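Q: need a 3D model of the following:
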Amino acid sequence: MNVIIENIPIFARIAEGIKDHILMGDIKEGDQLPSTTQISNEYDINIATVNKGINVLVSEGVVFKKRGIGMFVAEGAVKKLKAERRKTFKETFLRTFLDEADRIGYTNEELQKMVVDMIEERDKEKAAKENA
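A: Now for the predicted structure:
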C-alpha cells in the first residue's frame, strides 16, 4: 500500500495517503492501520515522523488508538473525509478551474459541454475496465 504523496511535508503525506486509502475503500472503518513501525520500515521514514502523521489523523477524529493493540479507522471517517474533500474540491479545484477558464475565454456553455464530455469519457473508461 502506497501512503506517500509528493510536495508536502512527510508527516502530512502519510496522513493524506492514509486518508486516500480510506476514501478508496482500501482501509475500511473499523480496520486496523499498519503499525507505525511497518510504515516507518516500508518507506524508510523516522518513526517520530510517522507518529506525527498518525497524530494528525487522531486529532481530526479519523483514527483512534486501542491501547496496546494499534490504530483503527473511526466510524464515520469516510463521511467526514468526503465532506472535507468536497469542500476543498469546490473551494480550490473548481475555483482554480473557473478562474483559468475565464482567463482563456471559455463560455459557460463551452465549460458545461467540456464537463459533460469528460464525464461520458470517464464512464466509458470505467465500463471498459469493469468488462475487461
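Q: against T96, how distant is K90?
A: 11 Å (CB to CB, to the nearest Å). The way it works is simple: take the backbone N, C-alpha and C, and place the C-beta from them, glycine included.
Q: what of N7?
A: N7 is 16 Å from T96, by CB to CB.
Q: which of those two has more neighbours?
A: Neighbour count, other CB atoms under 10 Å: between N7 and T96, T96 has more, with 10 against 6.
Q: which secondary structure state does the more buried one sit in?
A: helix (DSSP: H, G, I helix; E, B strand; the rest coil).
Q: so what's the residue count around V56?
A: Per other CB under 10 Å, the neighbour tally for V56 reads 18.
Q: show residues contacting the host helix or strand of it.
A: If you go by DSSP states H and E, V56 is part of helix 47-59. With contact meaning CB atoms under 8 Å, 6 or more residues apart in numbering, helix 47-59 is reached by 10-15, 18-19, 33, 36-37, 39-40, 63-65, 71.
Q: go through those residues and flag which are in helices.
A: Members of the contacts of helix 47-59 lying in helices (criterion: DSSP state H): 10-15, 18-19, 36-37, 39-40.
Q: buried ones among the contacts of helix 47-59?
A: 10-11, 13-15, 18-19, 33, 36, 39-40, 63, 71 (16 or more other CB atoms under 10 Å).
Q: show me which pair in these is furthest apart.
A: Greatest spatial distance in those: K19 and S40, 18.6 Å, computed using CB to CB.
Q: show me how this protein divides into domains.
A: Following automatic domain parsing, the chain resolves into domains at 10-75, 78-131.
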